[in-house]
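> sequence and predicted structure below; questions after.
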Amino acid sequence: GGPLDSTISLAECARSAGHNVSVVVAAGDAYLARPRLHAALVRLTRLSERVGRLAWRVHDRLSGRLVPATIDGVPVTRAADVPAAIVRNRLSRDVLVVNSMRRLDLERVLAVTAKSGATVIWYVRESTSLRFVAEMGPRFDVVVANSRPLAAEVGRLTRRPCPFVPSVISREGLVEPDSRRSILLVNAVPSHGLNTAFELAALMPGAHFVLQESWPLPAEDRHLILAQLAELANVEFRPRGPRTAIFRDARLMIAPHSEESVGFSRPRVVLEAQALGIPVIAFDIPGLA
């Protein structure tokens, strides 16, 4: 789960320390593809854990198609359903690190690892996990977080130590800006300050603003953004592309994220901008302080 760049960076750290490492990532969203099936499985599990476990096993066998690949020398498997892929692979690793997963998937992973004896680490990288960390956290062998305020909050809610493990940022994987002309907003959605970017652009007609798509935008949201661009000649919308190239002409990055969306989270893109010497202007909220 989470940004693949961050996961690969962690995998490279483990590999450089002499460990054999493999990564499993989701290929699409199984819950969006089969929402009724997953809802039925959840209800069935609540009625009977034994019957539900059997039903999940059948589902896992049907949906666990695996697609192998290699990224930066790290073996990566793209799976339609990550917990199903773990079941199909008959987990035999000494340590399993999970992050940015739904509560239901965390439950399924814990059920699998309970039989394998593997050590399970939950790497908390977003504030949304705080909704169920008090309940789920104590069930993991280790819980860590990628920002100091997030680690402190996880520790408070779980009443157990939560070490701070920062995101690994390497300049080698980033493209240096070849010019410094744009004011950049990454992830052009309201929770990340889209309206603020439009307001600034209207106040600064001589500045060039870039709205960078991060996660794929729904067609309706993209249409609304393009309609607003018709009124502002100094704003450019860039569709999703290689993450390494998003800073190619940035002289300044803005991160007017709402506290509700970010809270204690530490966005990787902000650290990447700072690694390239690009100033970042952000609201004073815990994850961005």
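Ah, there it is. Residues are numbered from 1 along each chain as shown.

> which stretch of helix or strand covers residue 24?
Secondary structure assignment for residue 24, by DSSP states H and E: strand 23-26.

> buried residues of the helix or strand following that strand, list them for me.
Reading on from strand 23-26 to the C-terminus, the next helix or strand found by DSSP H and E is helix 30-33. Using 16 or more other Cβ atoms under 10 Å as the test for burial, helix 30-33 gives residue 30. Quick note: C-beta positions are derived from backbone N, CA and C, even for glycine.

> go on, stretch 258-275?
261-273.

> is it correct that residue 180 falls within a strand?
No: with DSSP: H, G, I helix; E, B strand; the rest coil as the criterion, residue 180 is coil rather than part of a strand.

> on that earlier part again, name the strands paired with the strand holding residue 24 and say parallel or antiparallel.
Sheet pairing here is set by DSSP bridges, and for strand 23-26 it gives strand 74-79 (parallel).

> could I get the buried residue list for the strand it pairs with?
74, 76-79.

> what of stretch 200-216?
Buried residues in stretch 200-216 (16+ other Cβ under 10 Å): 200-201, 208-214.

> would you map the helices across this protein?
Chain-ordered helices for the chain, with DSSP state H as the definition, fall at 4-16, 30-33, 35-47, 49-63, 82-88, 103-116, 133-136, 148-158, 194-203, 219-229, 268-275.

> format those helices as TSV; extra columns: distance to residue 283.
As requested, those are exported to TSV (distance: least, Cβ to Cβ, whole Å):
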stretch	distance to residue 283
helix 4-16	22
helix 30-33	31
helix 35-47	34
helix 49-63	40
helix 82-88	33
helix 103-116	28
helix 133-136	24
helix 148-158	14
helix 194-203	9
helix 219-229	21
helix 268-275	12
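
> deepest of those helices, which one?
helix 82-88 (a mean of 22; mean count of other Cβ atoms under 10 Å).

> other SSEs contacting that one?
strand 23-26, helix 49-63, helix 103-116 (3 or more Cβ pairs under 8 Å, 6 or more residues apart in numbering; DSSP states H and E).

> would you list the ones you listed in a markdown table and tack on mean pLDDT and distance to residue 127?
Listed next are those as a markdown table, based on pLDDT from 0 to 100; distance: least, Cβ to Cβ, whole Å:
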| stretch | mean pLDDT | distance to residue 127 |
| --- | --- | --- |
| strand 23-26 | 86 | 20 |
| helix 49-63 | 78 | 28 |
| helix 103-116 | 84 | 14 |
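
> what number of residues lie near residue 191?
By the criterion of other Cβ atoms under 10 Å, residue 191 has 12 neighbours.

> got the buried residues for stretch 122-130?
For stretch 122-130, by 16+ other Cβ under 10 Å, it's 122-127, 129-130.

> ok so, going back, nearest to residue 30 among the buried residues of stretch 200-216?
residue 214 (21.4 Å; Cβ to Cβ).

> so how far is residue 47 from the residue nearest to the closest one when sequence neighbours are not counted?
Computed as Cβ to Cβ, 6 or more residues apart in numbering, the closest residue to residue 214 that is not its neighbour in sequence is residue 187, at 3.8 Å. According to Cβ to Cβ, to the nearest Å, residue 187 stands 40 Å off from residue 47.

> one more: residue 261?
Taking Cβ to Cβ, one finds residue 261 at 35 Å from residue 47.
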